Each structure stands twice: as structure tokens, then as C-alpha cells.
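A.B. asks: I need the structure of the sequence given here:
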Amino acid sequence: MHKRLRDLREDRDLYQKDIADYLSCTQVCYSHYEIGKRDIPTDVLIKLAFFYDTSVDYLLGVTDVSEPYPRAKSK
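C.D. replies: Residues are numbered from 1 along each chain as shown. Next comes the predicted model:
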């Protein structure tokens, strides 16, 4: 999972600070997510999946299919 997060970020020529700003956390906090030193909260995983236009399963390494699932309709 952690390599996948780094690869997604680097493929978009972004810095850890860029993603940390998007998540409203520090660069150090995000770095810990990326290297696996800290578990990623569910709400952060969801934000990252939306940001990268993929699924949480892809971020977690459950699937190698990067396309997102259809989004649930708001009630």
C-alpha cells in the first residue's frame, strides 16, 4: 500500500507537502502514512481515493484495478 501511495503522488509530480496540505495535516504526518509508520484513518483513505480518482481497495493493495467504483448517490 505504502509504495502505491508514493507512486501515485510521484506520478503527478507532487510533493508530500502538497498532499499533506490537501489532507490538512503536516508533511511529517503524511510521510508516516506513506512509509507505513502510521495507520491511515478511514476518512483520510476516502479523501485520498477521491483525490487520486481510484478506490480505497486500490490504495490498500486489495486490487490492482485502479478505476474507482461507481459512487453512491447522495440521499
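
A.B. asks: my read: T54 touches T63, true?
C.D. replies: No: counting by C-beta atoms under 8 Å, T54 does not reach T63; the two are 9.7 Å apart. All C-beta spots, glycine's among them, are computed from the backbone N, C-alpha and C.

A.B. asks: when those two are compared, which one has more neighbours?
C.D. replies: Taking neighbours as other C-beta atoms under 10 Å, T54 and T63 compare with T54 leading, 19 against 14.

A.B. asks: which ones are touching that one?
C.D. replies: L8, S66, E67, P68 (C-beta atoms under 8 Å, 6 or more residues apart in numbering).

A.B. asks: repeat that with 6 Å
C.D. replies: Contact analysis of T54 by C-beta atoms under 6 Å, 6 or more residues apart in numbering lists S66, P68.

A.B. asks: same check on L5?
C.D. replies: So L5 contacts E34 (C-beta under 6 Å, 6+ apart).

A.B. asks: got phi/psi on the residue nearest in space to the middle of the chain?
C.D. replies: For the chain, the residue nearest the mean C-alpha position is L48 (3.4 Å; C-alpha atoms, centre = their mean). The phi/psi pair for L48 (degrees, to the nearest 10) reads phi -70, psi -40.

A.B. asks: name the helix or strand for the closest residue to it other than its chain neighbours, please.
C.D. replies: Excluding the flanking residues, the one nearest L48 by C-beta to C-beta, 6 or more residues apart in numbering is L59, at 5.9 Å. L59 is located in helix 56-60, with elements delineated by DSSP states H and E.

A.B. asks: relative to the whole chain's centre, how far out is that helix?
C.D. replies: Centroid separation between helix 56-60 and its chain, computed with C-alpha atoms, centre = their mean, to the nearest Å, is 8 Å.

A.B. asks: swap in stretch 14-26?
C.D. replies: The answer for stretch 14-26 is 11 Å, by C-alpha atoms, centre = their mean.

A.B. asks: swap in stretch 35-53?
C.D. replies: What separates the centre of stretch 35-53 from the centre of its chain is 4 Å, taken as C-alpha atoms, centre = their mean.
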